[in-house]
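S.K.: model this:
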Amino acid sequence: MTDTKNDFSKGNVVENILGLAVPMTLAQLINVLYNIVDRIYIGRLPENATMALTGLGLCLPIISIVIAFANLFGMGGAPLCSIERGRGNDKEAEKIMGNSFVLLVAFGLGLTVLGLILKKPMLYLFGASDLTYPYADQYISIYLLGNVFVMIGLGMNSFINSQGFGTMGMVTVLLGAVANIILDPIFIFVLDMGVRGAALATILSQFLSALWIVKFLTGKKAILKLKTSCFRLRKHRVKNIIALGMSGFTMSITNSLVQIMYNASLQRYGGDLYVGVMTVINSVREVISMPVSGITNGAQPVMGFNYGAEKYDRVKRAIIFTSVVSIAYTTVMWGLVHGFTEFFIRIFNQEEALIKAGVPAMRIYYFGFFFMSLQFAGQSVFVALGKARKAVFFSIFRKVVIVIPLILILPGLLGNGSAGVFMAEPVSNLIGGGACFITMLVTIWPELSKKRKQ
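M.R.: Predicted structure coming up:
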């Protein structure tokens, strides 16, 4: 029998989603603070603030690679746990979680070693100059030492949320974020560690989050427990985790590739200043994408559970709610970013040269931002229902097939330099997001209708 606790096949679908989405959205907000508070503080250094901020921006592709592997095993295993719980197979769900934990730790250690060996050529490849490399090197050298904590913190929190403990998942992120916000100014300004202090504060905070997660998942409150008896890897289980996690992995890896292309192209057409503008744009995107990410992530366990429990009408209602809320929210945010562009930039940097360059760049980049929500919504449905191939395809399609070629082609074709680079994003949102969402409706909706009638 399926554990009646956090049974998503009962009650109102919207309430089930919001019950997870609200704390998960708050967790996303806290996680955004976690990620950008370093940039806010660094952007206010008394000397070389823009160069230091740009240096942090150059580290984002490497950080995205770490996040990609956390998503591979966390977002790969957690939906499978939801589906197995829906089927009443808690033992298999625990084995999936145990295998995911081992993979997260092993790959975290491996990425630390590789990252430290390859950091210099990677940073120059990603758009570093002789002026910005020292700052990037100072940050990433310390950040990489905490890779295992980052992997556990990001990857295993998905297993807390997938069991319906959205509030506990939020507390996990809150613990690390509060620690980071407190430690950052102490290390950066009081101890005068600068960029190194920001990195040290981040990995210590991630350590606290990871410790909390392991404590909860091995404690009495967890429905599915992290057990050493479930650590032994099984080929079929690892294969299933990786297959489903490839969507989140591909999203992060392609984000990293796109960021590399943006930085390299902007270095060519505008120099360090425009690489700094891109760092600010990425930071703003993390802030404004947070609620829609929280909604879609909150809906996944509900959709997955009901799909496993063969409650197909409830899956449909979850899809409709998630899509409508995502589109409405991103439309509103597009208007706010367009109308108050300078306000968003000044959160991260006060230098007039960057603001002057950043205002038109940001308005181009975020044009038609609501199309991005179509990618979020469609992607979340494919992942929740275990449709790994479609999820991976559309991850690659938008970023690799559309964005990267446009970054290379548009500046030369239109003869508008950096503006052409920024134009790649809205065009890809329209084509890639639209294709993902329409395909989801055309393929998933008839399948759910057919299964309901059987």
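S.K.: Count the neighbours of the closest residue in space to Leu29 that isn't next to it in sequence for me.
M.R.: By the measure of CB to CB, 6 or more residues apart in numbering, the closest residue to Leu29 outside its immediate chain neighbours is Met290, 5.4 Å from it. C-beta: built from backbone N, CA, C; applies to glycine. For Met290, the count of nearby residues is 19 (other CB atoms under 10 Å).
S.K.: Phe159 now?
M.R.: With other CB under 10 Å as criterion, Phe159 counts 27.
S.K.: Check Leu154 too.
M.R.: 24.
S.K.: element containing it?
M.R.: Assigned by DSSP states H and E, Leu154 belongs to helix 147-162.
S.K.: that older thread, mind checking which helix or strand the residue nearest to Leu29 is in?
M.R.: Using DSSP H and E, the element containing Met290 is helix 272-308.
S.K.: C-terminal to that helix, what's the next element?
M.R.: Heading C-terminal from helix 272-308, the first helix or strand you meet, by DSSP H and E, is helix 312-339.
S.K.: quick one: the helix holding Met290 to helix 312-339, angle?
M.R.: On the basis of axes from the mean of the first three to the mean of the last three CA atoms, to 10 degrees, helix 272-308 is oriented at 160 degrees to helix 312-339.
S.K.: Specify the angle between helix 272-308 and helix 147-162 in degrees.
M.R.: Going by the same axes, to 10 degrees, helix 272-308 makes 40 degrees with helix 147-162.
S.K.: which residues of the stretch 51-200 of the chain fall in helices?
M.R.: All helices of the stretch 51-200 of the chain, identified by DSSP state H, counting those that start in this stretch, fall at 90-125, 133-143, 147-162, 166-185, 194-217.
S.K.: Tell me which of the ones you listed sits most buried.
M.R.: Among those, the stretch with the highest mean neighbour count (mean count of other CB atoms under 10 Å) is helix 147-162, at a mean of 26.
S.K.: got a list of what Phe348 touches?
M.R.: By CB atoms under 8 Å, 6 or more residues apart in numbering, Phe348 lies in contact with 36, 39-40, 43, 53, 279-280, 283-284.
S.K.: Now distance to Leu103, pLDDT and neighbour count too, for those residues, in JSON lines please.
M.R.: Output for the contacts of Phe348, formatted as JSON lines (distance: CB to CB, whole Å; pLDDT from 0 to 100; neighbours: other CB atoms under 10 Å):
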{"residue": "Ile36", "distance to Leu103": "28", "pLDDT": "77", "neighbour count": "20"}
{"residue": "Arg39", "distance to Leu103": "30", "pLDDT": "82", "neighbour count": "23"}
{"residue": "Ile40", "distance to Leu103": "33", "pLDDT": "82", "neighbour count": "16"}
{"residue": "Gly43", "distance to Leu103": "36", "pLDDT": "78", "neighbour count": "24"}
{"residue": "Leu53", "distance to Leu103": "34", "pLDDT": "84", "neighbour count": "29"}
{"residue": "Thr279", "distance to Leu103": "31", "pLDDT": "87", "neighbour count": "28"}
{"residue": "Val280", "distance to Leu103": "34", "pLDDT": "90", "neighbour count": "28"}
{"residue": "Ser283", "distance to Leu103": "30", "pLDDT": "86", "neighbour count": "25"}
{"residue": "Val284", "distance to Leu103": "33", "pLDDT": "90", "neighbour count": "22"}
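S.K.: who touches stretch 354-373?
M.R.: Counting by CB under 8 Å, 6+ apart, 50, 270, 273-274, 276-277, 280-281, 284, 288-289, 292, 323, 326-327, 329-331, 333-334, 337-338, 341-342, 344-346, 349, 418-419, 422-423, 425-426, 429-430, 433-434 sit against stretch 354-373.
S.K.: give me the low-pLDDT residue ranges for this protein?
M.R.: 1-9, 11, 21, 24, 27-28, 30-31, 34-35, 452-454 (pLDDT under 70).
S.K.: List the contacts of Phe101.
M.R.: Taking CB under 8 Å, 6+ apart as the test, what Phe101 contacts is 152, 155-156, 226, 231.
S.K.: same thing but at 10 Å, please
M.R.: Contacts were defined as CB atoms under 10 Å, 6 or more residues apart in numbering; by that measure Phe101 touches 73-74, 77, 151-152, 155-156, 159, 213-214, 217, 226-228, 230-231.
S.K.: Over to Asn429?
M.R.: With the criterion set at CB under 10 Å, 6+ apart, Asn429 makes contact with 330, 365-375, 398, 402-403.
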